[in-house]
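Asker: Structure for this input, please:
(chains A and B)
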Amino acid sequence: MSDVVEKTLTALPGLLSLDSQPGSTKLSSSSKLGNLIRGITELTSKHEEEKLIQLELTSIKEQVSSPNTSMRQMKELMVRAIYCEMLGYESSFSYIHAIKLAQQGTALEKRVGYLAVSLFLNESHELLLLLVNTVLKDLQSTNLIEVCMALTVVSQMFPKDMIPAILPLVEEKLNHPKEIIRRKAVLALYKFYLIAPNQVQHIHNKFRKALCDKDPGVMTASLHIYLQLIEENPEGYKDLTTSFVTILKQVVGGKLPMDFNYHSVPAPWLQIQLLRILCLLGKNDQSTSEIMYEVLDESLRRAEINHNITYAILFECVKCIYTIHPKSELLEKAAKCIGNFVLSPKINLKYLGLKALTYVVQQDPKLALQHQMTIIECLDHPDLIIKRETLELLFRITNAQNVTVIVDKMLEFLRVNKDDYTTIDLVGKVAELAEKYAPDNEWFIETMSTVFSVGGDTMQPDIPNSFLKLLSEGFDSMEEDRKLRLFAVDSYVSLLQEEPGKLPQRFLQVISWVLGEYSYLREDLEVDTVLRLLAKLLDMKTTSSETKSWVLMAMTKLCEGGAGVSVAREVSETYSSSLDTVLRQRAQELQHLSQDSEMRARVLPRNAGLDPLEVDSSLSFLDGFVSEALAAGAAPYKPPHQRQEELAQAKALSLEPYGLSLPISMSSCCITDRQSPTLLSISSGLSGNSNDLSYRGGLKLDGVKRVWGREGYLAQREPVEESAHVEVPSPLRSPSQQGGAGGSHSHTPTHTPTPEPELEKQQLASSLFVGLASQSSVCLMGKSEPTPQRFRRKANSPASSSAASEKQSNSMVSAPSTVDNLMFNNLLDSHITSEPAVSSLEQTPQLSQGLVAANGSCDEELPDSDVNGSSPSLIGDDPVVAAELAPHEEPPKDLLLSSCLPAELSGLSHSEITPLCSDQILDLSACHVQKEDALVLVVFIYNSSDSDIQQILLELDSEELEVSCESDSAVQEATGHSVAVCQYSLSVKRPSVHVELVGMVSYQFPVGTPQSVQFSYKLPLSSFIRPMTVSTEEYGTMWLDFSHDTKQNLTLISDDQEPLTATLSVLKKKLQLHVVEIIGMEGIVACRLLQDQPCLMHCRMHAGTMAVWLRSPVPDLPDCLMYFCQRALQEH
Amino acid sequence: MQFMLLFSRQGKLRLQKWYVPLCEKEKKKITRELVQTVLARKPKMCSFLEWRDLKVVYKRYASLYFCCAIEPPDNELITLEIIHRYVELLDKYFGSVCELDIIFNFEKAYFILDEFLLGGEAQETSKKNVLKAIEQADLLQENIDFQMRLFAGTVCRNTDTPA
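Answerer: You can find the predicted model right below:
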């Protein structure tokens, strides 16, 4: 019959103006719509059409709003409005009238009204609420047609929140005598299930009734729901397997009414639906699979007519057979089926055959071997879709032996492909294969170069990132590393010597980095040459400022005495007045570092033999600088979002209470490192181009690891930003390399003229399918298999080498950040010559080292989590533990000392007792005890002499702390070999990650001169944190009042329970926070700093991390607390 | 199914049905892109397309292209047959359908589509049942029209008599 249609249709395009033709008798040619349509077809330009439609819309608008327009006219107007919308002209004024028409019209008018609504609005449109009453009324109508219309519109769109209003009515319709109503009701419930699954949970048993409905249409409709349900929870519906199998048997056996036949195949839609359900049920379940073997066999057998619909069923059967527990007989038949598909001359079937092969090849690689010649043919198919699917198949069968040929094919495709989506996908796959199976260095570098050129700037940023990481981490053998890097330098230099203007920005960035880092490896290469090549990049118009800053960084690493300096001076002069702040900063760096080689060597050390630099992410070494700046009158730092908020608040007072939902800015906040109150603010303010920051951040280990896990490449989709930059970087392949890279990819049919194409294909086949026959199950699904991965494996396997690589990568990471710190100082005062820069440079590492040491094992320092007993609650939840542990862990003297703890403190958890200072007579130790409302410092003065000492005067002072003496008098006395105890209560004046006390004890020996000893005691701010119990509402009001805040993403703890709860309970335990409430993905937490300085925390799970937002009225407190949260989670 | 589009060889949209909520701008963009892509394809080429993360199945009937977007796990061939069944339904309803029928009576084409596919799923695959449902609705309309005319006539007569 379709032939008839085609004949009639082909005859018609010329009929538009002829109304008298037989086919057009039903055309409402005289109607206004007819006039409009005819009017449009007569127009020649888009502009005229626009004018006509605007005119039409104005007239429609006039008429719909006129009170005299009857519903019948309204129907006509609506149809015209729909038509205008279809042509792409907005007619939103008619939406409300469509709803009115559905409400007030009769029959066909109502129908048009509903239709217009379903075409105009989508389910989130607010006007849809106005439809609820109409639907409600029509559902109760005695007129079947009206009920049908209501159900039809409900199954297409309905406001989620209004479902409860009509749910009982729809449910009732499941028992309606008319099958069409029952069917539509089932589909409406299916829609409800999709948009609001919990709303229809209670009617699952009614679905079962629908499944058993005597009408096949209703039963078929219910399968949509079951497919969805089973997809989500196959275990829950295993008992239905027999029913589904029975139904399928009946259908296949032709037990349904003839009406349901389609081209003499019984109910194909129903069959396919059932096969998909069975596929889900039988997956990884042998006993369930066994129930369905028979019916699957029968389905295969019955599907013999040569028609698309039969193939559709066969395809579904094959998929099912390969998914469920395997049965060899069936597999054999299915394999034959796939063969038929692949070999079919019909292109659609061939496509499906390839798709099936791709699916199946994971289990049965030999099947690909059987069809190798067909696959080769498909590789050169003129239809790109077929080619693409073939490549997908090849991707699945790639192994170390055929990787060069397959990657070659993929790159070939990439060069002609125009579709960004495919490019991004394929480029990722090539990079994955290259990293996994690269046969040698040259090939790897060449392939990656092609990937960068072809992938251009649309590809995922992880590809260049992981490439650089790979290069910098190195592998087992130093010599190999050197060769790889050397080769990279070689090929990049030659690339730059040709036409660098054609290379995408990302590639140029990679090139600059590699040259900056490794060009010293090539001894014959003059630094000057490289610098000039790089400088050429800067002069190109097409180079983005992000790339320029990479280039400047590379130059900074390279410029070394002599000729280099002049280039450097030239460049830095040009860019130190650039409008781009990042470039200006880089130029400054270049300028200063090129003049001072000693400093450069410290800041940007060469790759080899460098100790790992520990990055002090809290930047607390700058605290001194900050306080100086503050003292000098600088404004305290406010993060950008806070500034914006304040700006907004200044404009309009926000009276909105803090609700459960989160401000949008939260989710978009993704600064991965801690924001210190001052430094980052300024540097991020400077680098107006935030891209740059995040991009360089990507080089860091943690950023990269997320994407390239041990399992390999975890693909992420990125939105397409720019059009593909298709290019062929053929210059890479020098003749000698071509020879060296092995003959395997030089004899692909496209490369050499082929006198005997068949032979060529044979050769290609042998190179493509190598390794498939011998090791049947190896190297198939690249993602999960443990095959040797050339690069990964080397970097990961032995502990020692991974440590070494860690070192190297650390050095790589930290070098720029040191520069940042340094240059930050320089920039603050750009007049200063390099002299102060040097001094600050010297300070910086010292400070940070000092802090690192302090964090680790310095005597006075108390590791923050070393609080004895570490009990979560304050009032010694389990003092027993502390008491029991103490004898084992503390040396005798400590035991002695801890027994000297004042009675009221002994039950509480206290920190380790640390020695403060000692001379020949006195021995001072101290610990701090956490009381519920105070922190008490206990100083033990042990008199090691035989005589008594009186007049021991203890003075304590601190910048950050308020110290008050709790003992009656500050003066103590200690008899020989006894301990005097002083108690001080501490509270925080100014928060800082670690607070320090300095003290002096002076005493007078009965005979002799007065003596004094100085000491200091450091304790973490976390000892001052206490839980704060507030309600969610109180929390809400407080939240808005607090002005100091910080945001950061922290890692989630992924124990078996819910990650947010787990993470918060760790924080609660370690830091004594109070978890106010956890709502879904969000949690709110409150704590206070002694005495009563609140700090609020808001956490939200976002993309596998926890976005934390801290707010407090106290400056610096959020930052400090963030630091402790981070530490607590790291230590966990 | 995510959406269905009908467009002419000239790229003019004749019918559009969206089963996923999208904003107008996005719809227009998708339509424009897809129409271009499909029209550029040669007749002997595969009826399936990989497009963004969807599969597009299209078929040409005379001057009209029928184009459906489905999700990757869906069966392409059966979608092709859905298109064909829809054409059969149109053909049966209009009696050898042509593009003009669909242009001038597009609301009817929508009604048929809504009886056949609901919310993106095949609702009723029996041709007889679909057409029965449509005819019943049409019949109802005629009845009402008839009654209206009757009613109007009565009113007329009533007002006429006194005069």
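Asker: Relative to the whole chain's centre, how far out is the helix or strand harbouring A:Leu534?
Answerer: Element membership for A:Leu534, per DSSP states H and E: helix A:527-539. Distance of helix A:527-539 from its chain centroid, counting by CA atoms, centre = their mean, to the nearest Å, is 36 Å.
Asker: Give me the contact list for that helix.
Answerer: By CB atoms under 8 Å, 6 or more residues apart in numbering or on different chains, the residues outside helix A:527-539 that reach it are A:493, A:496-497, A:500, A:508, A:512, A:515, A:519-520, A:543, A:547-548, A:551-552, A:554-555, A:558-560, A:562-564, A:567-568, A:570-571, A:574-575. Just so you know, the C-beta spots here come from the backbone N, C-alpha and C atoms, and that holds for glycine as well.
Asker: ok, A:Glu298 - contacts?
Answerer: Counted by CB under 8 Å, 6+ apart, A:Glu298 has contacts A:249, A:252-253.
Asker: That one - that's part of a helix, no?
Answerer: Yes: counting by DSSP: H, G, I helix; E, B strand; the rest coil, A:Glu298 is located in a helix.
Asker: OK, now which residue of chain B is nearest to chain A?
Answerer: Closest residue of chain B to chain A, CB to the nearest CB: B:Ala62 (2.7 Å).
Asker: Can you report phi and psi for that residue?
Answerer: With angles defined as degrees, to the nearest 10, B:Ala62 sits at phi 50, psi -120.
Asker: Tally up the residues packed near it, please.
Answerer: B:Ala62: 20 surrounding residues under other CB atoms under 10 Å in any protein chain shown.
Asker: Could you do A:Glu329 as well?
Answerer: A:Glu329 has 11 neighbouring residues, counting by other CB under 10 Å.
Asker: For it, which non-adjacent residue is closest in space?
Answerer: Nearest residue to A:Glu329, sequence neighbours excluded (CB to CB, 6 or more residues apart in numbering or on different chains): A:Asp297, at 7.5 Å.
Asker: Next up, the contacts around the one you found.
Answerer: A:329-330, A:333.
Asker: Turn these into TSV, columns for distance to A:Ile60.
Answerer: TSV is the format used below for the contacts of A:Asp297 (distance: CB to CB, whole Å):
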residue	distance to A:Ile60
A:Glu329	65
A:Leu330	61
A:Lys333	60
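Asker: List the ones among the residues you listed that fall in strands.
Answerer: Nothing among the contacts of A:Asp297 maps onto strands, per DSSP state E.
Asker: Can you give me the pLDDT of the closest residue to A:Asp215 other than its chain neighbours?
Answerer: Nearest non-adjacent residue to A:Asp215, counting by CB to CB, 6+ apart: A:Glu179, 3.9 Å away. We have a pLDDT of 87 for A:Glu179.
Asker: and A:Glu179, what is it in contact with?
Answerer: By CB under 8 Å, 6+ apart, the neighbours of A:Glu179 are A:213, A:215, A:217-218.
Asker: Highest neighbour count among the contacts of A:Glu298?
Answerer: A:Val252 (22 neighbours).
Asker: could you list every residue that touches that residue?
Answerer: A:266, A:271, A:295, A:298-299, A:302.
Asker: what's the most distant pair in those residues?
Answerer: Greatest spatial distance among the contacts of A:Val252 (CB to CB): A:Pro266 and A:Val295, at 13.4 Å.
Asker: State the pLDDT value of residue 132.
Answerer: Picked chain A for this. pLDDT, A:Val132: 90.
Asker: wait, chain B
Answerer: 85.
Asker: Report the mean confidence score over stretch A:516-531.
Answerer: Confidence over stretch A:516-531, taken as the mean pLDDT, stands at 79.
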